[in-house]
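[1] Following is a predicted model, sequence given first.
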Amino acid sequence: MRLIRPVESSRLGFTLIELMVVIVLAGIMAAAIIPEMRGTYEDALLRAAGRELVEVFSIAGSRAASLNEAHRVRLERNSGRYWIERKSSDGESPSGFVRVHDVPGSEGKIDSRISIEFKRAGDEPEETLEAGAPAPSEPDSRIAATVQAVTFYADGTADNAEILLQDRDGFRRVLRVNSTTARVQIGELGRRGAP
């Protein structure tokens, strides 16, 4: 009968020291990668909020032109909620607009980590735009400073407005609505307070 020789134990698996080295290296890599991922996530939230508002502006503009009646996007600065309203007919509403409920994407909420600042177009931002960002637009008399809405008209025009989005780290994006074409351009302003 043939006997099987016992194999040395060091060849069968990892030693405790090797295992500890691997765990330490994994910990160092995690400590270096996790902070970078957080910044990427915040940036993704800011970009998603911008795309979300561009989409709702597009819906309002399309409905205004196709239904031949003014539509507007209302923004609640504190809650981050937004919705589309259409021009009311025959005194349906004292404000002159009624909320649109039957259209997918006509209402929603921006993530609470993103703040919204509504500006009249032409108000200069505190810092200059980065290269390639859309240039400041001319003020439009159809929009009041206190109104937090952008109206899209049946003739394909819109209020000239700017919406400033900012995340908790101070990074900002600006959405500019062109009054002539009713198109929305997104520009990056960079970080608030950065040199």
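    Sure, I can see it.

[2] Mind listing residues that contact stretch 101-109?
    Identification of contacts with stretch 101-109 by Cβ atoms under 8 Å, 6 or more residues apart in numbering yields 52, 55-56, 59, 63, 79-84, 99-100. (C-beta placed from N, C-alpha, C; glycine too.)

[3] Max pairwise distance over those residues: which two?
    Between any two of the contacts of stretch 101-109, the greatest separation by Cβ to Cβ is 23.4 Å, found for 63 and 79.

[4] Give me the more crowded residue out of the two.
    Neighbour tally, residue 63 and residue 79, criterion other Cβ atoms under 10 Å: the higher count belongs to residue 63, 20 against 11.

[5] chain center to the helix or strand where that one lies, what's the gap?
    Assigned by DSSP states H and E, residue 63 belongs to helix 16-67. Centroid separation for helix 16-67 versus its chain: 12 Å, with Cα atoms, centre = their mean, to the nearest Å.

[6] Let me know the average pLDDT across that helix.
    Averaging pLDDT along helix 16-67 yields 88.

[7] what packs against it?
    Using 3 or more Cβ pairs under 8 Å, 6 or more residues apart in numbering; DSSP states H and E, the elements in contact with helix 16-67 are strand 71-75, strand 81-87, strand 149-152, strand 161-166, strand 171-177, strand 184-191.

[8] Go through the last one and flag the buried ones.
    Burial within strand 184-191, assessed by neighbour count using 16 or more other Cβ atoms under 10 Å, is assigned to 184, 186, 187, 188, 189, 190.

[9] for stretch 48-68, same thing?
    For stretch 48-68, a neighbour-count test (16+ other Cβ under 10 Å) marks 49-50, 52-54, 56-57, 59-61, 63-65 as buried.

[10] What of stretch 167-177?
    By neighbour count with 16+ other Cβ under 10 Å, stretch 167-177 contains the buried residues 167, 171, 172, 173, 174, 175, 176, 177.

[11] The helices and strands packed on helix 16-67: which one's closest to residue 3?
    When the helices and strands packed on helix 16-67 are compared by Cβ to Cβ, strand 171-177 sits nearest residue 3, at 70.6 Å.

[12] Can you tell me the strand partners of that closest one and which way each runs?
    Applying DSSP bridges, strand 171-177 is found paired with strand 161-166 (antiparallel), strand 184-191 (antiparallel).

[13] how about it as PDB, C-alpha atoms only?
    Output in PDB follows, covering the C-alpha atoms of strand 171-177 (Å, rounded to 0.1, in the frame of the first residue of the first chain):
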ATOM      1  CA  PHE A 171     -20.400  73.600  -7.400                       C
ATOM      2  CA  ARG A 172     -22.900  75.400  -9.600                       C
ATOM      3  CA  ARG A 173     -24.600  75.100 -13.000                       C
ATOM      4  CA  VAL A 174     -26.700  77.800 -14.600                       C
ATOM      5  CA  LEU A 175     -29.700  77.100 -16.900                       C
ATOM      6  CA  ARG A 176     -30.500  80.000 -19.300                       C
ATOM      7  CA  VAL A 177     -33.700  80.200 -21.200                       C
END
